[in-house]
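*Asks:* build me a model:
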Amino acid sequence: MPETSLPAPEIDGVAVTCECPSWSLMPQGDEARRILEARAQLFARKPVKVQEEERSQFVCFRLGASESYGVAYDYLEEVTNAMDITPVPCTPPVIAGVVNYRGELLTLLDLKRFFHIKSGEDNESKAVVVVKAGGVRVGLVVDAVEGNEEFAPARLAPPLSLMGAANRIYVQGIHQGRVTMLNIGALLADPALQVDESVS
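*Replies:* This next block holds a predicted model:
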């Protein structure tokens, strides 16, 4: 079968011919091939998925005139109005007393006394934040509930140095420089904060 050839391309009526074989257009030498192979491997890699930052919801509340604290939803059971509190004798000052909570005695913790926060104006319409960890349930007496927010545990700043060393273990960290996130697990594990509910 006779060979057929395609007409040479023309530019402005002038035929253009190329005497270069196709293989000559490829990179020559070991170094050039190595660079091409490296580039091919780079393009063949699958894109790495960026791990999403873990974020959690928390309830924010105020203690005293302006200090904000937070409790993660993992420990939150309920937010309710303050109830009739029954004082319990021979307990630390941080124990506000006990209340009847759904047929059971619930210990109330006065966080302002615990963290040495000035009381400010006396507010009769206090709230109780009921939390639970490690099988222990307590109510945190707070001055006002400020709402719900979202935080990233990995982005929390360390507790403020002005806190006592003993109190810093009960703080998970500082959210956006203004909200002290409580370590409820450590707080409720402290034997000094537990009340013998059989005492009348």
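*Asks:* centroid-nearest residue for the protein?
*Replies:* For the chain, residue 152 is the residue whose C-alpha lies nearest the centre (Cα atoms, centre = their mean; 2.4 Å).
*Asks:* does that residue touch residue 52 like I think?
*Replies:* No. Using Cβ atoms under 8 Å, residue 152 makes no contact with residue 52, being 10.4 Å away. C-beta coordinates here come from the backbone N, C-alpha and C atoms, glycine included.
*Asks:* over to residue 140. Which of the three states is it?
*Replies:* strand (DSSP: H, G, I helix; E, B strand; the rest coil).
*Asks:* the one 5 residues further on too?
*Replies:* For residue 145, the secondary-structure state derived from three-state DSSP is strand.
*Asks:* which parts of this structure are helices?
*Replies:* 30-44, 111-114, 165-168, 184-188 (DSSP state H).
*Asks:* so which of these comes closest to residue 145?
*Replies:* With Cβ to Cβ as the measure, helix 111-114 is the member of these nearest residue 145 (13.1 Å).
*Asks:* now do the closest one, average pLDDT.
*Replies:* Taken as a whole, helix 111-114 carries a mean pLDDT of 90.
*Asks:* now stretch 183-198
*Replies:* On average, stretch 183-198 scores 76.
*Asks:* apart from its chain neighbours, what residue comes closest to residue 131?
*Replies:* residue 75 (4.6 Å; Cβ to Cβ, 6 or more residues apart in numbering).
*Asks:* can you get me a residue count around that neighbour?
*Replies:* 21 (other Cβ atoms under 10 Å).
*Asks:* what about it, distance to residue 136?
*Replies:* Distance, residue 75 to residue 136, using Cβ to Cβ, to the nearest Å: 10 Å.
*Asks:* again, but for residue 57
*Replies:* In terms of Cβ to Cβ, residue 57 sits 22 Å off from residue 136.
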